[in-house]
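1. Sequence plus the predicted model coming up.
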Amino acid sequence: MAFNTASQYKNLTPAAPLDKKTLNQMAWRSLFLQGSFNYERMQAAGWLYGIIPGLQKIHTDKEDLALSMEHNLEFFNTHPFLVTFVMGIVLSLEQQKADIGMIRAVRVAAMGPLGGIGDAIFWFTLVPIAAGISANMALNGSILGPIVFLLMFNVVQFTVRYGLMHWSYRLGTSAIETLTRNAKEFTRSASILGIVVVGALTSIYGGTTIATSIPNGDAPIVLQKILDGIMPKLIPLALTLGLYWLIKNKNWSAVKCIGLILIVGLVGGFLKIFA
């Protein structure tokens with residue numbers, strides 16, 4: 001497929017600013033970013049689907065609209081919850097009828113850093129916190145457990161999604177500088193918070209204990225009491241550190257780790273090693 005090599009639009013008159021309704025519509029459409037995910041262009045089709053309402057208002061000339069849609073179908077891949085950050089910046093440039101080469105470069109530059117930031121915010125911080133709170137409710141038999149989890153997660157991700165759409169569109173390319181200037185510190189802080197939360201969850205909910213005892217007349221030696229004297233929750237800690245080592249050094253996936261824990265639990269329970 002041959003791409004149009006034009007570097008500028010025909011109509012270079014800046015378009016009117018997009019209204020809040022259109023920005024909100026595109027933020028909603030961003031939910032379908034990965035609806036047509038493929039290994040050639042990743043999220044490109046979902047990206048274009050998300051920004052079409054804005055492009056249609058910006059480019060009243062059909063040839064300019066076709067050209068814009070064409071270059072916005074190029075390879076695209078970013079964090080699905082933070083994609084509206086890139087949308088706002090690109091639409092700001094499209095509104096100003098910037099050079100197409102510049103729009104391409106900014107799109108690539110903006111989508112790159114969001115992967116690590118998004119993972120730190122959502123998977124390493126938000127999910128452990130929401131799951132820790134809601135899992136305790138579910139374990140106590142409350143139907144509110146999954147409801148609370150979904151509410152906590154989605155309130156945050158929708159707030160971020162819609163907020164970034166308006167903020168990055170308003171700031172334009174200066175939003176990239178704001179993001180990249182503090183990206184390293186922010187990602188590290190969020191990762192540390194996530195690790196602290198996971199450690200707390202391990203301490204609170206880790207319930208694996210040793211059932212083995214050593215005969216000693218009328219007072220058998222209970223191994224779990226000895227371990228608790230050394231450090232409470234020592235077995236859950238050892239299991240967590242062991243899984244971390246497998247993931248970090250042996251490139252194990254989460255599925256493999258879950259399978260290993262399942263097998264160890266079944267074997268340990270059958271042999272009455274674990275309580």
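-> Everything's here; your move. Keep in mind it's a predicted model, so treat the numbers as computed, not measured. Numbering: from 1, shown residues only.
2. Buried residues of stretch 264-275, list them for me.
-> F274 (16 or more other Cβ atoms under 10 Å). (C-beta placed from N, C-alpha, C; glycine too.)
3. Just the mean pLDDT for that stretch, thanks.
-> Stretch 264-275 shows a mean pLDDT of 83.
4. any residues touching that stretch, and which ones?
-> With contacts defined as Cβ atoms under 8 Å, 6 or more residues apart in numbering, stretch 264-275 is touched by 208-212, 224.
5. for stretch 158-178, same thing?
-> Stretch 158-178 is contacted by residues 18, 20, 23-24, 26-27, 30-31, 81-82, 84-89, 91-93, 96, 106, 109-110, 121 when judged by Cβ under 8 Å, 6+ apart.
6. again with stretch 25-42
-> Stretch 25-42 has contacts (Cβ under 8 Å, 6+ apart) with 43, 45-47, 49-54, 73-77, 80, 83-84, 87, 91, 161-162, 165.
7. residues contacting A45?
-> By Cβ under 8 Å, 6+ apart, the residues touching A45 are 35-36, 38, 73.
8. cutoff 7 Å now
-> The neighbours of A45, taking Cβ atoms under 7 Å, 6 or more residues apart in numbering as the test, are S36.
9. Dump the C-alpha coordinates for the helix or strand in which it is found into PDB.
-> Following DSSP states H and E, one finds A45 within helix 44-58. Only the C-alpha atoms of helix 44-58 are listed here, as PDB (Å, rounded to 0.1, in the frame of the first residue of the first chain):
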ATOM      1  CA  ALA A  44      -3.600   2.000  14.700                       C
ATOM      2  CA  ALA A  45      -7.200   1.200  13.700                       C
ATOM      3  CA  GLY A  46      -8.500   1.800  17.200                       C
ATOM      4  CA  TRP A  47      -6.500   5.000  17.400                       C
ATOM      5  CA  LEU A  48      -8.000   6.400  14.200                       C
ATOM      6  CA  TYR A  49     -11.500   5.300  15.300                       C
ATOM      7  CA  GLY A  50     -11.000   7.300  18.500                       C
ATOM      8  CA  ILE A  51     -10.000  10.600  16.900                       C
ATOM      9  CA  ILE A  52     -12.200  10.600  13.800                       C
ATOM     10  CA  PRO A  53     -14.900  12.900  15.400                       C
ATOM     11  CA  GLY A  54     -12.200  15.500  16.000                       C
ATOM     12  CA  LEU A  55     -10.600  15.100  12.600                       C
ATOM     13  CA  GLN A  56     -13.900  15.500  10.800                       C
ATOM     14  CA  LYS A  57     -14.500  18.900  12.500                       C
ATOM     15  CA  ILE A  58     -10.900  20.100  11.900                       C
END
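10. Do I have it right that V86 meets R107?
-> Yes: using Cβ atoms under 7 Å, V86 is in contact with R107, at 6.4 Å.
11. quick one, domains of this protein?
-> Domain segmentation of the chain under automatic domain parsing yields 15-183, 213-270.
12. roughly how far is the helix or strand encompassing R29 from the heart of the chain?
-> Using DSSP H and E, R29 maps to helix 20-29. Put simply, helix 20-29 sits 21 Å off its chain's centre (Cα atoms, centre = their mean, to the nearest Å).
13. what does stretch 264-275 give?
-> With Cα atoms, centre = their mean, you get 35 Å for stretch 264-275.
14. What is the end-to-end distance of it?
-> Counting by Cα to Cα, to the nearest Å, you get 13 Å between the two ends of stretch 264-275.
15. ok, back up a step: starting at the chain centroid, how far to the helix holding A45?
-> For helix 44-58 - counting by Cα atoms, centre = their mean - the centre lies 22 Å from the chain centre.
16. what angle do the helix or strand just after it and helix 44-58 make?
-> Downstream of helix 44-58, the next assigned helix or strand under DSSP H and E is helix 62-71. Helix 62-71 runs at 160 degrees relative to helix 44-58, counting by axes from the mean of the first three to the mean of the last three Cα atoms, to 10 degrees.
17. now the contacts of stretch 264-275 as JSON lines including secondary structure?
-> Output for the contacts of stretch 264-275, formatted as JSON lines (DSSP: H, G, I helix; E, B strand; the rest coil):
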{"residue": "T208", "secondary structure": "coil"}
{"residue": "T209", "secondary structure": "coil"}
{"residue": "I210", "secondary structure": "strand"}
{"residue": "A211", "secondary structure": "coil"}
{"residue": "T212", "secondary structure": "coil"}
{"residue": "Q224", "secondary structure": "helix"}
